[in-house]
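[1] Give the three-dimensional model of this entry:
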Amino acid sequence: MDINFNKNEDYNKLLLSDLKKRLAEVKLGGGKKRIEKLHSKGKMTARERIAYLLDDDSKSIEIGAFAGEEMYQEHGGCPSGGVVVKIGHIQGKQCIVVANDATVKAGAWFPITGKKNLRAQEIAMENRLPIIYLVDSAGVYLPMQDEIFPDKEHFGRIFRNNAVMSSKGITQIAAVMGSCVAGGAYLPIMSDEALIVDKTGSIFLAGSYLVKAAIGETIDNETLGGATTHCEISGVTDYKSKDDKDALDTIKNIVGKIGDFEKAGYNRIDSAKPIDNPEDIYGILPKSRADQYDMYEIIKRLVDNSEFDEYKAGYGQTLITCYARIDGWAVGIIANQRKIVKNKKGEMQFGGVIYSDSADKATRFIANCNQKKIPLIFLQDVTGFMVGSKSEHGGIIKDGAKMVNAVSNSVVPKFTIVVGNSYGAGNYAMCGKAYDPRLIAAWPSAELAVMSGNSAAKVLLQIETAALKAKGETITEEKETELFNKIKSRYDHQVSPYYAAARLWTDGIIDPLSTRKWISMGIEAANHAPIEKPFNLGVLQV
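    Numbers count the residues shown, from 1 in each chain. Here you go, the predicted model:
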């Protein structure tokens, strides 16, 4: 081990420590006092409910843990978007569970809450996964209703998705474990089966105060929409539960009787651990996002037996394309090589940059994986496509477009791990969020932006100094440095993986050692949904 390895290891483990600290804070939701208040009512927290429901919570993966991070501060914040989403197993069946966090503004829906719920439903629909809703919500957060209520990807889309999933035979089960009001009342009742917890659960289009104001009727909430009302009078709900655990036990029993599903048929054999120590990743990955390293060494620590079969090894070397296995699943890997390489013409090519030959190779490899029905894994550490007259004359736009076309039209499931840089059009070609990866996760070392903070700051500084000079202001060297640092600081905040995760541009920030679990769980989910259309690239410039 050299000194650089040790420095990298220290730095990356500090990033991991920060991740664990942030996750611990997020898991407190609205804070310890609100958790205690919930417990005093005989209720479990959202996370406790999910942990009780799943066969083994430690084997689950959480979607959008950092949703809402540092957002809505003027409204008191919205940890985890006020809703907890996990993929795990119930009675041996893989499911996705969505639980409102009543410690965060009584489970009210912020704009990011709606986006996160829609992401959970998207995962359920793409993978035909059973989805379980644990409802405990005061409804739309009224001070921000204009950002959550009327648009296509807002609150109402949830119920549209309920109906679509029902028509496709995707199991939906809802337990009303607290408030369920106004439009939100449709979610559990549009599910296949609905449970309600006695005395703590309630469903109504309008609560007692609004009923009094609207029609003058005086009635209490329990009589209006409690468990007895809906299980014995209205028939709105199907099961009456005495407490949270009773409701969750009923869900377990229902899920345990669901029949088997038609498999997509992705190839899997017995899992094998990497031979090369995965913990070496912390020392291999450099502290600086500008430094070079060998992506082959990362791949060896992610794949079974540290073995892979490389496709077109000597061609387009700034992209690595190879077949391998992860937790027994056959996969096709497309990864940015971060070492400077020399092509067959003797020309030096920068690591992390996509050239015409590497884009051409990736396009062919994606087509091959689609033909063989092999899921695709993208390992991103990309600064973008090569620029300059030589690349433009060589048709880099044409070759880049072919790669983007192949990624867009791929019908096998795609999974994206942002290892380091994810800049500009490189983010698109390497299957960024806009290209429908089944799951997309980032390591703590990731950066997502149009360009690096340093590059962006230089560009923006030129624009700003030109504007100041146009106004007749003198720009000293000290003033220029101050402006540069101010711009870079602001931009660096926006390239942070936490900034991206807060807005659900990624599904989560993960320990590199959790990468195998995320990919394996993702392919297991995808195996529920057989491919329904052939792979077709459409029209290409050749």
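
[2] Isn't residue 360 up against residue 402?
    Yes. Counting by C-beta atoms under 8 Å, residue 360 touches residue 402, with 6.9 Å between them. (Each C-beta comes from the backbone N, C-alpha and C, glycine too.)

[3] Pick out whichever of these two has more residues nearby.
    residue 402 (23 against 20; other C-beta atoms under 10 Å).

[4] element containing that one, please.
    helix 396-409 (DSSP states H and E).

[5] which one is residue 487 nearest to, not counting chain neighbours?
    residue 457 (4.5 Å; C-beta to C-beta, 6 or more residues apart in numbering).

[6] Sketch out the low-pLDDT regions of the stretch 401-542 of the chain for me.
    For the stretch 401-542 of the chain, the stretches with pLDDT under 70 are 451, 453, 540-542.

[7] mind listing the helices for it?
    For the stretch 401-542 of the chain, helices defined by DSSP state H, counting those that start in this stretch occupy the ranges 424-429, 453-470, 477-495, 497-502, 515-526.

[8] list the helices and strands the second one packs on?
    In this structure, helix 453-470 makes packing contacts with helix 477-495, judged by 3 or more C-beta pairs under 8 Å, 6 or more residues apart in numbering; DSSP states H and E.

[9] so what does the helix it packs on touch, helix or strand wise?
    Packed against helix 477-495 by the contact rule (3+ C-beta pairs under 8 Å, 6+ apart) you find strand 447-449, helix 453-470.

[10] For residue 49, which of the ones you listed is the nearest?
    Of all the helices and strands packed on helix 477-495, strand 447-449 sits nearest to residue 49, with 32.1 Å by C-beta to C-beta.

[11] what's the closest one packed up against?
    When contacts are defined as 3+ C-beta pairs under 8 Å, 6+ apart, strand 447-449 sits against strand 414-423, helix 477-495, helix 497-502.

[12] Mean neighbour count, these: which tops it?
    Highest mean neighbour count of those: strand 414-423, a mean of 26 (counted as mean count of other C-beta atoms under 10 Å).

[13] What are the buried residues along stretch 507-526?
    Going by neighbour count (16 or more other C-beta atoms under 10 Å), the buried part of stretch 507-526 is 507-512, 515-526.

[14] quick revisit: which residues are contacting the helix holding residue 402?
    Under the contact criterion C-beta atoms under 8 Å, 6 or more residues apart in numbering, helix 396-409 has outside partners 354-357, 359-360, 362-363, 366-367, 385-387, 414, 425, 428-431, 435, 535-538, 540-542.

[15] Just give me how far it sits from the chain centre.
    24 Å (C-alpha atoms, centre = their mean, to the nearest Å).

[16] That one: which residues count as buried?
    Neighbour-count burial for helix 396-409 flags 396, 399, 400, 401, 402, 403, 404, 405, 406, 407, 408, 409 (criterion: 16+ other C-beta under 10 Å).

[17] returning to that earlier point: any chance of CSV for the helices of the stretch 401-542 of the chain, columns distance to residue 264?
    As requested, these are exported to CSV (distance: least, C-beta to C-beta, whole Å):
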stretch, distance to residue 264
helix 424-429, 25
helix 453-470, 41
helix 477-495, 36
helix 497-502, 28
helix 515-526, 6
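
[18] Relative to residue 56, tell me which of those wins on proximity.
    Residue 56 sits nearest to helix 515-526 of all these, at 12.0 Å, using C-beta to C-beta.

[19] and that closest one with strand 414-423, angle?
    Interaxial angle, helix 515-526 versus strand 414-423 (axes from the mean of the first three to the mean of the last three C-alpha atoms, to 10 degrees): 130 degrees.

[20] Check which helices and strands helix 515-526 is in contact with.
    Going by 3+ C-beta pairs under 8 Å, 6+ apart, helix 515-526 lies up against strand 61-63, strand 93-100, helix 111-127, strand 319-326, strand 329-336, strand 414-423, strand 439-442.

[21] Just the CA coordinates for the longest one, please, in PDB.
    In PDB, the C-alpha atoms belonging to helix 111-127 read as follows (Å, rounded to 0.1, in the frame of the first residue of the first chain):
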ATOM      1  CA  PRO A 111     -43.900  18.900  -2.900                       C
ATOM      2  CA  ILE A 112     -41.000  16.500  -2.400                       C
ATOM      3  CA  THR A 113     -43.300  14.100  -0.600                       C
ATOM      4  CA  GLY A 114     -45.400  13.800  -3.700                       C
ATOM      5  CA  LYS A 115     -42.300  13.300  -5.900                       C
ATOM      6  CA  LYS A 116     -41.100  10.500  -3.600                       C
ATOM      7  CA  ASN A 117     -44.400   8.700  -3.500                       C
ATOM      8  CA  LEU A 118     -44.600   8.800  -7.200                       C
ATOM      9  CA  ARG A 119     -41.000   7.400  -7.400                       C
ATOM     10  CA  ALA A 120     -42.100   4.500  -5.200                       C
ATOM     11  CA  GLN A 121     -45.100   3.900  -7.400                       C
ATOM     12  CA  GLU A 122     -42.900   4.100 -10.500                       C
ATOM     13  CA  ILE A 123     -40.600   1.400  -9.000                       C
ATOM     14  CA  ALA A 124     -43.700  -0.800  -8.300                       C
ATOM     15  CA  MET A 125     -45.100  -0.300 -11.800                       C
ATOM     16  CA  GLU A 126     -41.800  -0.900 -13.700                       C
ATOM     17  CA  ASN A 127     -41.000  -4.000 -11.700                       C
END
